[in-house]
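*Asks:* What follows is a predicted structure for the sequence shown.
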Amino acid sequence: MPRWKALPEELDPQVKEFAGQLRRLVDRSGLGIAALADRTGYSKTSWERYLNGRLLAPKGAIVALAEVTGTNPVHLTTMWELAERAWSRSEMRHDMTMEAIRISQARAALGEFGSAAQTTQTKPARSRPAKPAKAPQQAAEPVRPSVPRQPSAASVDQFGPPPVLPQQGTPRGAVPGGGRRRLLMFGAGALGAALLVAIAFFVLNGKGDGGPEAKKSPSPTASAPQLPDGVKCVGASCGGKDPEAMNCGGALATNSTDAVVGTVTVQVRYSKTCKAAWARIQGAAPGDEVRLQKGATASKKGTVGTADTDAYTPMMAVDTASDVKACVTLANGQKGCTR
């Protein structure tokens, strides 16, 4: 049975070549994964991810591997830099693909809304039947003077009294204030029509206050701290995450406090760069458990697997390593914590 699994087909050729080089170095050293983890300070689970192409090894792990296997770290670091750029390009392509999908979905949704609004605006008006032409009056019929239609009480209350029209034969200037009143009424009607058009425009286009396309003022964002290459989180963003996957371990982490429970060493690991801590046990047996404790708050436990001798917990954001302690519960029931 071959020692290594086949690398994923979707891996970038540069990353695949680098993973193959790591495998050859491990094979040439004759070390097992557990022994490699003990000598480099990176867990067995992390090395399995690095060597199987599921995660790009951090620079600290590469330097440690070079020291353990007697390899020139300069050459190995050069190959790691090429693989790291290829890995970043792959992640960028993935992000661009997801962004394109979100943009297409947004355009489709906005297109449906715009079509509905356009249908509402272009709805044809009902045609009115033409009125029949009036028959001409006979010459013998006497001509009666036309009497203007009298306004109702409701129309007087709503629009005010109608303008007084001059009688036949009376000059226009004889009606005081008639032209001014007509001008005011015409201006009020035009202003009301313009207001109705403006309201209809904002309602149909959804750009009024609270509409689906209302602009939102951008909220100020705090500038993110500058992190070293490969480090993927800091502070609260590291809470509950794998320290190796976030590249917070290795050379960026220190053992702040150690304790021995039975034959097991329990430690608090702290990364000043990531501003986070986690607990680790070494020399353990299957079933042994470790937790990181901060007051009454405990992290998720780390459990030693069947073929492992070490385990570690997810990270917890802390200001200093002295804020937390590591506690272990062995499979035989024995317990203990760091100070």
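*Replies:* Perfect, thanks for sending it.
*Asks:* Low-confidence ranges, the protein, go.
*Replies:* Across the chain, the ranges flagged by pLDDT under 70 are 1-2, 94-96, 112-184, 186, 200-225, 306-307.
*Asks:* change it to 50
*Replies:* Per-residue confidence for the chain (pLDDT under 50) gives these ranges: 1, 125, 130, 133, 135-143, 145-148, 153-159, 164-176, 207-222.
*Asks:* List the buried residues in stretch 294-309.
*Replies:* Using 16 or more other Cβ atoms under 10 Å as the burial criterion, the residues of stretch 294-309 that qualify are Ser299, Lys301, Gly302, Thr303, Val304, Asp308, Thr309. All C-beta spots, glycine's among them, are computed from the backbone N, C-alpha and C.
*Asks:* now stretch 21-36
*Replies:* Buried, per 16+ other Cβ under 10 Å, within stretch 21-36: Gln21, Leu22, Arg23, Leu25, Val26, Ser29, Leu31, Ile33, Leu36.
*Asks:* Out of the residues you listed, list just those in helices.
*Replies:* Secondary structure from DSSP state H places Gln21, Leu22, Arg23, Leu25, Val26, Ser29, Ile33, Leu36 of the buried residues of stretch 21-36 in helices.
*Asks:* unless I'm mixing things up, the fifth one is touching Tyr50, no?
*Replies:* It refers to Val26. No - if you go by Cβ atoms under 8 Å, Val26 and Tyr50 don't touch, sitting 9.9 Å apart.
*Asks:* Counting neighbours, what do you get for Pro228?
*Replies:* Residues near Pro228, counting by other Cβ atoms under 10 Å, number 12.
*Asks:* swap in Pro8?
*Replies:* Number of residues near Pro8 (other Cβ under 10 Å) recorded here: 12.
*Asks:* any chance you could map the strands in the protein?
*Replies:* Ranges of strands in the chain, per DSSP state E, are 253-261, 264-271, 276-282, 289-294, 297-298, 302-303, 311-312, 316-317, 325-329, 335-337.
*Asks:* Partner strands of the first one, with direction?
*Replies:* Pointing back at strand 253-261 there. As defined by DSSP bridges, the strand partners of strand 253-261 come to strand 264-271 (antiparallel).
*Asks:* same deal with the fourth one?
*Replies:* Strands that pair with strand 289-294, judged by DSSP bridges, come out as strand 297-298 (antiparallel), strand 302-303 (antiparallel), strand 325-329 (antiparallel).
*Asks:* ditto for the last one
*Replies:* According to DSSP bridges, strand 335-337 forms sheet pairs with strand 325-329 (antiparallel).
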